[in-house]
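>>> show me the folded form of this:
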Amino acid sequence: MAKKFKTAHTTHERVGFETEGESLTQQHFSQESEINNIIAYHDRTGIIKNVQQGVAQYGDYSEVNEYRESLDMIRQADENFMQLPSNIRRQFNNNAGDFFEFATNPENQEQMIEMGLANRKPEEVGDNLANTASPSTEPLKSVVDGEARTVTT
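Residues are numbered from 1 along each chain as shown. You can find the predicted model right below:
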């Protein structure tokens, strides 16, 4: 016997659905979600309150990186973080974001140096100009083609 294809005109058995157990539908929202109530409220006020009301944000975003550039920067940061020794990564829960927050905080500079992840800044000399050479007032002498010449500035 050949199989018959089902079509819209083929007779079929109707199957009903009945919820078993407690319904998860929250019945106290029934009046708010009734379409006739929503339209009636709109007719009175001109507002559809079920629509998500977002706040527009305007600004100069010309300095923001493109999406692909940002992903590449994050991927590179993750790769660099994974090259750190495991004991250092463990201190930051193997999270490159936590490490970034720690490393960019100037208060953690000394700890970064102790971990070997940063170099100590050279100490500044200050305003001590006593050991610097002062310009000479004597004329400069130059030797060109075996002849000594005085150069004035």
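>>> can you name the next helix or strand after the longest helix along the chain?
Among the segments of the chain that qualify as a helix by DSSP state H, the longest is helix 67-82. Next in sequence after helix 67-82, counting helices and strands by DSSP states H and E, comes helix 86-91.
>>> can you point out the buried residues in that following helix?
Buried residues in helix 86-91, counted by 16 or more other Cβ atoms under 10 Å: residue 89. All C-beta spots, glycine's among them, are computed from the backbone N, C-alpha and C.
>>> got the contact list for residue 99?
Residue 99 is in contact with 81, 84, 89, 92, counting by Cβ atoms under 8 Å, 6 or more residues apart in numbering.
>>> considering those, which possesses the most neighbours?
For these, counting by other Cβ atoms under 10 Å, the largest number of neighbours falls to residue 81: 19 neighbours.
>>> quick one, strands of the protein?
140-144, 147-151 (DSSP state E).
>>> what ranges in this protein fall below the confidence cut-off?
Per-residue confidence of the chain (counting by pLDDT under 70) places the weak regions at 1, 50, 52, 124-153.
>>> all helices of it, in order?
Using DSSP H, the helices found in the chain span residues 30-33, 35-45, 67-82, 86-91, 96-103, 109-114.
>>> need the winner for burial among those helices.
Comparing the helices of the chain on average neighbours per residue, with mean count of other Cβ atoms under 10 Å, the densest one is helix 96-103 at a mean of 16.
>>> tell me which of the helices of the chain lies nearest to residue 56.
Of all those, it is helix 67-82 that lies closest to residue 56, at 20.7 Å by Cβ to Cβ.
>>> elements contacting that closest one?
Counting contacts by 3 or more Cβ pairs under 8 Å, 6 or more residues apart in numbering; DSSP states H and E, helix 67-82 packs against helix 96-103.
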